[in-house]
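K.L.:
next input, structure requested:
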Amino acid sequence: MWHASSNPASRLPRRKVIPVQRRDFLLMLAAATAAATGACSLTDDAAPASKSSPSAPATPSQSPTPSPAPSPSPSPTPSHGPLWLQDGPPPLPGPQELDGVITELPEAVGNTVAITVDDGADSSVVDAYLDFAKDSGVRLTFFVTSSYPGWTDCKDKMTPLVESGQVQLGNHTVTHAGLTELDEAGIISEVGGCETFLNSTYGVTGAPFVRPPYGYRGERTDSVCAKLGYTTPTMWYGSFGDSGLLTEDVLLGEAQKWLLAQHIVIGHANFPTVTHLYGQIIDILRERALLTATLDDVYFGPGHDRHV
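P.N.:
Prediction:
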């Protein structure tokens, strides 16, 4: 039979139970809860920072950036054809000094060549030269023989180019007479008559540039021309050789020979051969990095006013 005295626990002294009032119990429970909450807060604050990169700070919301207003489209640049060589006159150091007869350009102008065109016996060739100038930007000095038809037949096409300065007009007499064979009155008639034509037809003067036909000149002829304002007899340093009819191969060979820096080169508006070679002439200029200039460009500066 089991007895209470046989249970070991019965031998331990009994602990006195102290009754707890309800109010005290609630206070103790509240204190314990507060202590537990504080311990949790302390643990979170003291936790070591993560080794990973900290999160980026929040970016305040922004208003959407308005799209920029589209820029106006530029006007299309006019395209040039395959003959185009240059826009306007070449870069030049400034007006060069004129002192009597000229046969070539000054060294200061660098890779510049002056293409000059004489006579004008064939209006179709004058017309083709004007198309060449418009299509390439090449700057030309024409020496006008005023009795030849090209200068009146092509006036309407010529005038805008003269006004712009791309084409210059010089004096090559009225009838292409050799000046050394004429007396003073004859020289005045030839040179003065061409000047009158330039004044009345184009409103410009050709002075001071006069090209004596065939290159015939001397002190006497130069003196008479100077009285008329033509103080610069203008010779040349190379020719296309086309005052008469040539084959294309011969003319092109002359162009290759003489189109060089600082040369004044002479051609003629008499026969159509040259009009078939404008592309090859442009090729020569490009290969040699040459640009063209009028005599006014070189000796007076671009924009020289020739109006009378």
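K.L.:
all strands of the stretch 51-200 of the chain, in order?
P.N.:
For the stretch 51-200 of the chain, the strands defined by DSSP state E, counting those that start in this stretch occupy 112-119, 140-144, 167-171.
K.L.:
mean pLDDT and mean neighbour count added to those, as a markdown table?
P.N.:
For the C-beta atoms, the positions are set from N, CA and C on the backbone; glycine is no exception. Supplementary listing: the strands of the stretch 51-200 of the chain in a markdown table, determined by pLDDT from 0 to 100; neighbours: other C-beta atoms under 10 Å:
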| stretch | mean pLDDT | mean neighbour count |
| --- | --- | --- |
| strand 112-119 | 98 | 25 |
| strand 140-144 | 99 | 27 |
| strand 167-171 | 98 | 26 |
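K.L.:
doesn't residue 256 fall inside a strand?
P.N.:
No - according to DSSP: H, G, I helix; E, B strand; the rest coil, residue 256 belongs to no strand; its state is helix.
K.L.:
quick one: residues contacting the residue most central in space within the chain.
P.N.:
Nearest residue to the geometric centre of the chain (C-alpha atoms, centre = their mean): residue 87, 6.6 Å. Applying C-beta atoms under 8 Å, 6 or more residues apart in numbering, we find residue 87 in contact with residue 137.
K.L.:
go on, the one 5 residues further on?
P.N.:
Residues in contact with residue 92 (C-beta under 8 Å, 6+ apart) are 109, 112, 293, 297, 298, 301, 302.
K.L.:
ok now stretch 174-182, how far from the chain's centre?
P.N.:
43 Å (C-alpha atoms, centre = their mean, to the nearest Å).
K.L.:
what's in contact with that stretch?
P.N.:
119, 145-148, 173, 186-187, 189-191, 193-194, 197, 212-214, 216-218, 220-221, 224-225.
K.L.:
got a quick PyMOL command for the buried subset of those?
P.N.:
Once 16 or more other C-beta atoms under 10 Å is used to decide burial, the buried members of these can be selected in PyMOL as follows:
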select buried, resi 119+145+146+147+148+173+187+189+190+191+194+197+212+213+217+221+224+225
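K.L.:
narrow the contacts of stretch 174-182 to those in helices?
P.N.:
186, 187, 189, 190, 191, 193, 194, 197, 220, 221, 224, 225 (DSSP state H).
K.L.:
once you drop chain neighbours, what's closest to the first one?
P.N.:
Pointing back at residue 186 there. Counting by C-beta to C-beta, 6 or more residues apart in numbering, residue 186 lies nearest to residue 177, which is 7.2 Å off, once chain neighbours are set aside.
K.L.:
how close does the one you found sit to residue 151?
P.N.:
As for residue 177, its distance to residue 151 is 17 Å (criterion: C-beta to C-beta, to the nearest Å).
K.L.:
repeat for residue 266
P.N.:
Distance, residue 266 to residue 151, using C-beta to C-beta: 17 Å.
K.L.:
check contacts around residue 172.
P.N.:
Neighbouring residues of residue 172 by C-beta under 8 Å, 6+ apart: 118, 119, 143, 144, 145, 194, 210, 211, 213.
K.L.:
determine which two of the contacts of residue 92 are furthest apart.
P.N.:
Farthest pair in the contacts of residue 92 (C-beta to C-beta) is 112 and 301. Separation: 13.4 Å.
K.L.:
quick one, helices of the stretch 51-200 of the chain?
P.N.:
For the stretch 51-200 of the chain, applying DSSP state H, counting those that start in this stretch gives helices covering 123-136, 150-153, 155-164, 184-202.
K.L.:
tell me how far the second one lies from the chain's centre.
P.N.:
In this case it means helix 150-153. With C-alpha atoms, centre = their mean, you get 33 Å for helix 150-153.
K.L.:
for that helix, buried residues please.
P.N.:
Neighbour-count burial for helix 150-153 [16+ other C-beta under 10 Å]: 150, 151, 153.
K.L.:
nearest to residue 82 among those residues?
P.N.:
Of the buried residues of helix 150-153, the one sitting nearest to residue 82 (C-beta to C-beta) turns out to be residue 150, at 25.9 Å.
K.L.:
okay, that closest one and residue 117: tell me how far apart.
P.N.:
For residue 150, the distance to residue 117 equals 10 Å [C-beta to C-beta].
K.L.:
overlap of the contact sets of those two?
P.N.:
By C-beta under 8 Å, 6+ apart, the residues touching both residue 150 and residue 117 are residue 269.
K.L.:
and residue 86, what does it touch?
P.N.:
136, 137, 138, 139, 291, 292.
K.L.:
and for residue 202, the neighbour number?
P.N.:
21 (other C-beta atoms under 10 Å).
K.L.:
pull the contacting residues for the residue nearest to it when sequence neighbours are not counted.
P.N.:
With sequence-adjacent residues excluded and distances taken as C-beta to C-beta, 6+ apart, residue 202 is closest to residue 162, at 5.7 Å. Contact analysis of residue 162 by C-beta under 8 Å, 6+ apart lists 168, 169, 202, 204, 306.
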